[in-house]
Every structure is written in C-alpha cells, then in structure tokens.
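Visitor: sharing a sequence plus its predicted fold:
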Amino acid sequence: MSTTTTITTPPTTSKLELRTAYGPVYRDVLNTPPRDCTAAEIPIIDLSRLYSEKLEDRKALATDIRAAAINTGFFYIKNHGIEKQTIADAKKQLLAFFKQPMEDKMKISQQFSKYYNGYKGPRQTFISPGESVDVKESMGWRYDPRYDPDTKDLNAIPEEVKPWIRGEEFVWEGTSQLPGFKEEVLRYWSSCLTLARKLVKIFALSLNIPEDYFDSRTTYPGADGVFNYYPVTTEEEKENNSVGLGSHTDLQLFTLLWQDMIGGLQVLNKDGQWIKAVPVEGTIVVNIGDFMMRLCNDIYKSTVHRVYNRAQVERVSMPFFFGLNFNCVEGVIPSCASEKNPPKYEAMSCGDWCQLRFKLENDEMKKRLASEAQAPSALIVAA
Ligand SMILES: O=C(O)CCC(=O)C(=O)O
Ligand SMILES: [Fe+2]
C-alpha cells in the first residue's frame, strides 16, 4: 500500500508600494488573480433606516456599517435616497463632457486651477508608483458654499473657513456650451452632499459618539465631485498591464462612489487578495478614507482600491469625496483610543492632509513627465 502526501505551497506575495503624505508604505499582495467579492466582504446595506425616526433603527444601521468599515472598509448602499433621474442626468452630462473635442475639454484644464479643479487628460496622473500611469480622464469640482443645498448666509462664512474654500468658477464657465451641465451636475453633487451629511451621523453613532458630533464639523466640508472616464483599453495597454486608475486610498472621511454596470473596480481585502467590487444595479459604493482612519485610530480601514477597464466598452464613475471642514483640526476621537490602543495620529486639519497628497501626486507626475521628455535626447547622446 502506498501513501501520497500532498504538499501545498502557500501562494506567493508581492509588495505593493503606496504613496502617502508621510512617504511610501508597502502592502503584501497575493499573486492570485482578482476574484469576485463575496457578500460578506462587500455587503449591501439597506439605507432606508437612515430616514427612520426611531433611534434604534439608526443604531442598527450603525452596527452594520461599523462591521463593514472594520472588515473590508467597502460596502454598497441601496435605498440611498438619490433619485435615479438625478444620477442618469449626471451620467448624461459626464458623457457629454468627455465626448467633446480635446480643445473644448482643455478649456477647463486643471493647469488653470489654483486648487485642483477641472480637467485632467488621459495618462496625466500617476497615482501608484509601482503601476502604469492612469489611463483614465477625469474632471473635478470642489466645495463651494454658493451651491450648498443647506441654506447658508454667504456673508456669515467664518474668516478661518474662507481660505479653505476650494470651488472655482472656471469649471462652470468653461462648460457653458453644454446645455444643462452646471445645473444637472450640481444637482447630483448636492444630493451626494445631503446624503453624506446624513450618513456621517450614522458613522458618529457607529463610533459611540453623539449623533450630531460631525454636524458643526461638516458645515463647509470637503465635498469634491469627480467624473471619471475610462476609455476602452488598447491592445498595447493590455500588454503593458496598464491601469485605468492605480492602487490608492481615498483621502477624506468617506467616498460615495457611483459606478456604471461595466465593472473594473478592485479592492484589496484583509488577506491581501484583490477582489472585484462587482457593480450592483441601484447601489452606490461607500468606502472609508484616510482621514476617517486617522480619527478612528485605524479601527476603520481606508482600503486600497484600483480600476482596470478590460471591457470592450468605455466605463464611467462618479465619486464624491466627503470630509470635515478643511480648517477643522482633529485628532483621534477619544472613544477610539484607550490605554491599550493609544492614539496613533497627531491632530491635523483635513485640508492640510488633502493638500499634502494632492501636491505629492502632482510633483511625482511632473517628475515622471520630465524624465520621459529627457529619455530620447539621452538616447541620442548615447548613440
Ligand atoms: O472609478 C472607480 O470605480 C473608482 C474611482 C476612484 O477610486 C477614485 O476616483 O478615487
Ligand atoms: Fe478612490
């Protein structure tokens, strides 16, 4: 009689380098191909309870959100309250914008912006140092109290907030050729803002702090709208394993990410396995950002994600990044620290935090473009 022993070798891993404001950090990633997520990894959470009068309903929702935020840091929300039509109109405007000739898109080029508003062309960003440049195009607009749906007396904006207001009008001026653009895009943005202000209360409950803890901290919040356009990947880009958007974490408290039904979003789970956040009709993806992770002393995860469009068609997404008032200096929330788990982070303003990384990404891209520009002449010298 013979016996056979099966030797199973554990899957190998690679190091993934991530760019952070404090220098590079590394994550171990399994060299196994991405697979679809399970319902336990990225759950679908019903937000109807967000609108309930009963505190216990809102607390039950907070419990579900806490579990998801601790586990993968990603979840889908359904019954979120943003009208289908509002989303459809925004998507229509997104396509109208990106389908314009390049010279029209360049009217709102980010190079005209003081604060990272406007259009960035394909292969003009480079979010992940170990991956390709980002193939996507994007256009973004930032918080402007004039468009905030919560009634505001513009004359009452506190002096310390003013330098942190990041909205710039050239984005709307340079898109005025597109009928309904400003109105429909801002309708979508304001719906996201209203939803985010409700959701942040549930996050407060989930952290065992008063439900209104973030209210005064989100009166002039980080509220960045972005449209992403991922063209069909060319054969050459496929061979080079080009990413639509490289591996990164988001910066603020959380992101409301509407994605179309094409697929391509991948999330790095706890085990270092890439999982696909498969599109679910009628839902919005929510993911935790770095600033939330800081406030929570790492209890909640700001999870690494990236996008590969390998479909035969274009893909689009509309993230909305929500954070505290940019002037708001905030350290670890006391309920998230203890003697056993002392605060890991210094207090810092959400604005400084974002600024540091935006600048870093921009500088790295400039360096890369400069070295690419030098390469041919270097070759000639060598010849
Ligand atoms: O397009 C997506 O699904 C993700 C976009 C994203 O992660 C981002 O813009 O930060
Ligand atoms: Fe992201």
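Guide: The structure has been received and is ready for your questions. Residues are numbered from 1 along each chain as shown. Ligands and ions are numbered 1, 2, ... in the order given.

Visitor: make it CA atoms for all contacts and neighbour counts henceforth
Guide: Will do.

Visitor: per-residue pLDDT, residue 4?
Guide: pLDDT for residue 4: 62.

Visitor: for residue 368, that is, sorry about that
Guide: 81.

Visitor: show me what from this structure comes close to ligand 1.
Guide: Counting by Cα under 6 Å from any ligand atom, the residues of the chain close to ligand 1 are 250, 259, 265, 307, 317, 319.

Visitor: what's the burial count for the second one?
Guide: So that's residue 259. Counted by other Cα atoms under 10 Å, the residues lying close to residue 259 total 25.

Visitor: low pLDDT regions in the stretch 1-150 of the chain?
Guide: Along the stretch 1-150 of the chain, the parts satisfying pLDDT under 70 run over 1-5.

Visitor: can you rerun that using 50?
Guide: Regions of the stretch 1-150 of the chain meeting the criterion pLDDT under 50 are absent.

Visitor: may I see the buried residues of the longest helix belonging to the chain?
Guide: Assignment by DSSP state H gives helix 350-382 as the longest helix of the chain. For helix 350-382, the neighbour count (16 or more other Cα atoms under 10 Å) marks 350-351, 353-355, 357-358, 360-362, 364-365, 368 as buried.

Visitor: can you list those residues in TSV and add distance to residue 178?
Guide: Shown next, in TSV, are those (distance: Cα to Cα, whole Å):
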residue	distance to residue 178
350	33
351	31
353	34
354	30
355	30
357	32
358	28
360	33
361	30
362	29
364	33
365	30
368	34
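
Visitor: the residue most central in space within the chain is in what secondary structure piece?
Guide: Nearest to the geometric centre of the chain sits residue 250, at 4.4 Å (Cα atoms, centre = their mean). Using DSSP states H and E, residue 250 sits in no helix or strand.

Visitor: how far away is the nearest residue to it once chain neighbours are set aside from residue 349?
Guide: Among residues not flanking residue 250 along the chain, residue 289 sits closest, at 4.7 Å (Cα to Cα, 6 or more residues apart in numbering). Look at residue 289 and residue 349: by Cα to Cα, to the nearest Å, they are 14 Å apart.

Visitor: which one of these two has more residues nearby?
Guide: Shown here are residue 289 and residue 349; by other Cα under 10 Å, residue 289 has more neighbours (24 against 18).

Visitor: so, low pLDDT: which residues of the stretch 251-383 of the chain?
Guide: Ranges of the stretch 251-383 of the chain meeting pLDDT under 50: 377-383.
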